[in-house]
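mind looking at a prediction? Sequence and model below.
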Amino acid sequence: MLTSQRKQLILEKLEAEGQVQSTALSVHFSVSEDTIRRDLRELAAEGRLQRVHGGALPASSAVVPFAERKTVKMDAKKNVARKGAQLISAGQVVIIDGGTTTAELITFLPSDLQITVVTHSPSIALGLVEHPLIDVILIGGRLYKHSIVTVGAAAIEGIGNIHADLFFMGVTGIHPEAGLTTGDFEEACIKRAFAGRAAETIVLASPEKINTASSFAIGDVSLANTMVVEDGTDRAWINAITEKGVTIVKTADRTHE
């Protein structure tokens, strides 16, 4: 079998099963584990999968540059963002992470909603300028241009002064075993810091993030209290997430499950 054929079959197996193990692939293709590791390494370099200890997981498409992410699964992003906005109550302090899904979230906030929004995203802050009753606190720091958010020591220091009701966390991957992941080390640190300052962390789980992983761990899926998903989301994945103690809210739900 040609290397290219084996690599394609590995990708097909990964898509069908949600994860692959190096040892099992070695047996399946009757090649050494070194050969499989080389295949996985090359596929990871092409962005086709995310290597993890002992094998690989599907790579998240949510790690591409911000401008490209705006076109990924936009209908689904709008659906979960609309539902997420319904979880916000007047008078709350709400942390809103950067990202294309949270950018949709703020478009569904009622014009008469009175809350305080804390964000490290200049884009989110600017998007709320026309909301007269929303007070905006912008966390400073070094601008990470890939995601258009601030990171670094100054951002961490500012976050430490917050006590929030809700944190809408942006992630690029959500996997029952790999946890919540993102594509940048400093962003992962910021997200953990925000989660530590909020009474409830909410993840808007659009389809491109589900059962995928990126390079840097934010934490176990239980770091999130609530995840908002579309109605047709895979039941096995939902069961695996709820077993971690996370509440699942579907876009058609009137109340939490």
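Here it is on my side, so go on.

mind listing what the spatially most central residue of the chain touches?
Geometric centre of the chain, nearest residue: residue 171, 1.7 Å, by CA atoms, centre = their mean. Shown in contact with residue 171 (CB atoms under 8 Å, 6 or more residues apart in numbering): 62, 180, 181, 182, 191, 203, 209, 218. C-beta here means a position set from N, CA and C on the backbone, and glycine is covered the same way.

please, which helix or strand holds it?
Here residue 171, judged by DSSP states H and E, is contained in no helix and no strand.

how about residue 231?
Assigned by DSSP H and E, residue 231 falls outside every helix and strand.

cool, the one 5 residues further on as well?
Residue 236 is located in helix 235-242, with elements delineated by DSSP H and E.

could I have that helix exported to PDB, CA atoms only?
What follows is helix 235-242 as a C-alpha-only set of coordinates in PDB (Å, rounded to 0.1, in the frame of the first residue of the first chain):
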ATOM      1  CA  ARG A 235     -26.300  11.900  21.300                       C
ATOM      2  CA  ALA A 236     -23.200   9.900  22.200                       C
ATOM      3  CA  TRP A 237     -21.100  13.100  22.500                       C
ATOM      4  CA  ILE A 238     -23.800  14.800  24.600                       C
ATOM      5  CA  ASN A 239     -23.900  11.800  26.900                       C
ATOM      6  CA  ALA A 240     -20.100  11.800  27.300                       C
ATOM      7  CA  ILE A 241     -20.200  15.500  28.100                       C
ATOM      8  CA  THR A 242     -23.100  15.300  30.600                       C
END
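
now do it: which elements does it pack against?
Using 3 or more CB pairs under 8 Å, 6 or more residues apart in numbering; DSSP states H and E, the elements in contact with helix 235-242 are strand 247-250.

which residue ranges of the stretch 101-250 of the chain form helices?
Using DSSP state H, counting those that start in this stretch, the helices found in the stretch 101-250 of the chain span residues 122-127, 153-159, 185-195, 235-242.

for this protein, name the helix or strand with the lowest mean pLDDT.
Ranking every helix and strand in the chain by mean pLDDT, DSSP states H and E puts helix 66-69 at the bottom, with a mean of 51.

buried sites along the helix or strand that comes right after that one?
Per DSSP H and E, the first helix or strand lying C-terminal to helix 66-69 is helix 74-85. Residues of helix 74-85 classed as buried: 76, 77, 78, 79, 80, 81, 82, 83, 84, 85 (neighbour count, 16 or more other CB atoms under 10 Å).

now do stretch 11-28
Applying 16+ other CB under 10 Å to stretch 11-28 flags 11, 13, 14, 18, 19, 20, 22, 25, 26 as buried.

returning to that earlier point: considering the contacts of residue 171, which is situated nearest to residue 114?
residue 203 (24.8 Å; CB to CB).

would you check that that closest one makes contact with residue 181?
No - Residue 203 is beyond contact range of residue 181, at 11.6 Å (criterion: CB atoms under 8 Å).

anything in contact with each of the two?
171, 174.

ignoring the adjacent residues along the chain, who's closest to the residue nearest to the centre of the chain?
residue 180 (4.8 Å; CB to CB, 6 or more residues apart in numbering).

ok, and what's touching the lengthiest helix in the chain?
In the chain, taking DSSP state H as the definition, the longest helix is helix 3-17. Helix 3-17 is contacted from outside by 20, 25, 28-29, 31, 36, 39-40, 42-43, 48-49, 56-58, using CB under 8 Å, 6+ apart.
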